[in-house]
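[1] Structural data only, the sequence is not supplied:
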């Protein structure tokens with residue numbers, strides 16, 4: 001009688017890892033995670049924020065919940081979704097960084113859609129925190145208004161989509177100038193940076209985005225605009 005092959009006890013664990021990995025394997029699910037990294041949302045809000053149907057949004061959320069990446073709770077008549085915790089932000093960031101460094105198509109997409117990336121120096125979270133504490137920065141948040149209301153970096157001024165053209169030299173005030181969004185790949189962010197440069201400012205973009213700032217344990221503030 002032949003002996004049964006020995007089973008690697010790690011294999012069931014690797015199989016569970018693969019469930020999590022498969023949950024990332026769709027662009028729409030990554031888009032949902034990006035929105036949820038800003039603030040918790042119900043299905044209708046998530047569908048609007050990602051330009052998906054409610055049915056499609058619900059299907060993707062089910063996959064994300066099965067993988068343990070998002071949680072949900074009931075709030076009145078609504079079911080509200082949130083990231084499981086801040087480690088999800090780190091997972092998505094690692095995926096993005098790897099693709100930027102090792103995927104030719106990803107790099108080409110960045111060059112094609114955000115050719116102005118290299119014109120705006122990146123500022124670290126630690127440096128920005130120092131500027132905030134010293135009162136030496138003009139800070140713009142270019143995310144959608146509901147995300148700004150949910151939470152933003154202290155001292156940030158919300159800049160609605162298309163409002164960058166209203167900025168003038170008085171908005172710069174001879175201090176450091178920084179803008180941020182959900183991340184580096186945001187049309188409103190680069191529109192703002194281009195306008196600030198036209199006004200003569202050395203405009204910086206925050207490394208990563210708001211979600212990584214909050215996940216790093218740095219201060220945030222909630223305030224209606």
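    Here it is on my side, so go on. Just so we're clear, the structure is a prediction, and the values are computed from it rather than from any experiment.
[2] Wasn't residue 219 part of a strand?
    No - read with DSSP: H, G, I helix; E, B strand; the rest coil, residue 219 is coil and lies in no strand.
[3] Could you count how many residues lie near it?
    12 (other CB atoms under 10 Å). Backbone N, C-alpha and C define where each C-beta goes, glycine included.
[4] Could you do residue 184 as well?
    20.
[5] my read is it is in a strand, agree?
    No - read with three-state DSSP, residue 184 is coil and lies in no strand.
[6] ok, now which ones touch it?
    114, 117, 205, 208, 209 (CB atoms under 8 Å, 6 or more residues apart in numbering).
[7] starting at the chain centroid, how far to the helix or strand in which residue 58 is found?
    If you go by DSSP states H and E, residue 58 is part of helix 54-66. With CA atoms, centre = their mean, to the nearest Å as the basis, helix 54-66 stands 19 Å off its chain's centre.
[8] tell me the average confidence for it?
    Average pLDDT, helix 54-66: 97.
[9] same thing with stretch 14-24?
    Stretch 14-24 carries an average pLDDT of 92.
[10] Pull out the buried positions in it.
    23, 24 (16 or more other CB atoms under 10 Å).
[11] quick one: contacts of it?
    29, 30, 63, 64, 66, 67, 68, 69, 91, 92, 95.
[12] which among the contacts of residue 184 end up buried?
    So, by 16+ other CB under 10 Å, the buried ones in the contacts of residue 184 are 205, 208, 209.
[13] Tell me if I'm right that the last one and residue 179 touch.
    No - between residue 209 and residue 179 no contact is recorded; they are 10.8 Å apart, counting by CB atoms under 8 Å.
[14] which residues touch the residue most central in space within the chain?
    Closest residue to the average C-alpha location of the chain: residue 182 at 3.6 Å, with CA atoms, centre = their mean. Residue 182 is in contact with 34, 35, 37, 38, 143, 147, 209, 210, 211, counting by CB under 8 Å, 6+ apart.
[15] Next one: the closest residue to it other than its chain neighbours relative to residue 43, how far apart?
    Distances taken as CB to CB, 6 or more residues apart in numbering place residue 209 nearest to residue 182, at 4.8 Å, with adjacent residues excluded. As judged by CB to CB, to the nearest Å, residue 209 and residue 43 stand 23 Å apart.
[16] Also residue 172?
    41 Å.
[17] before we move on, what about residue 86?
    Counting by CB to CB, the gap from residue 86 to residue 43 is 22 Å.
[18] So for the two, which residue has more residues nearby?
    Neighbours per residue (other CB under 10 Å) separate residue 86 from residue 43, with residue 43 holding more: 18 against 15.
[19] Report the contact partners of that one.
    54, 57, 58, 61, 79, 81.
[20] Just the closest of those residues to residue 165, please.
    residue 57 (32.8 Å; CB to CB).
[21] Any idea how many residues pack against that closest one?
    When neighbours are counted by other CB under 10 Å, residue 57 comes out with 25.
[22] cool, and residue 191?
    Neighbour tally, residue 191, other CB under 10 Å: 19.
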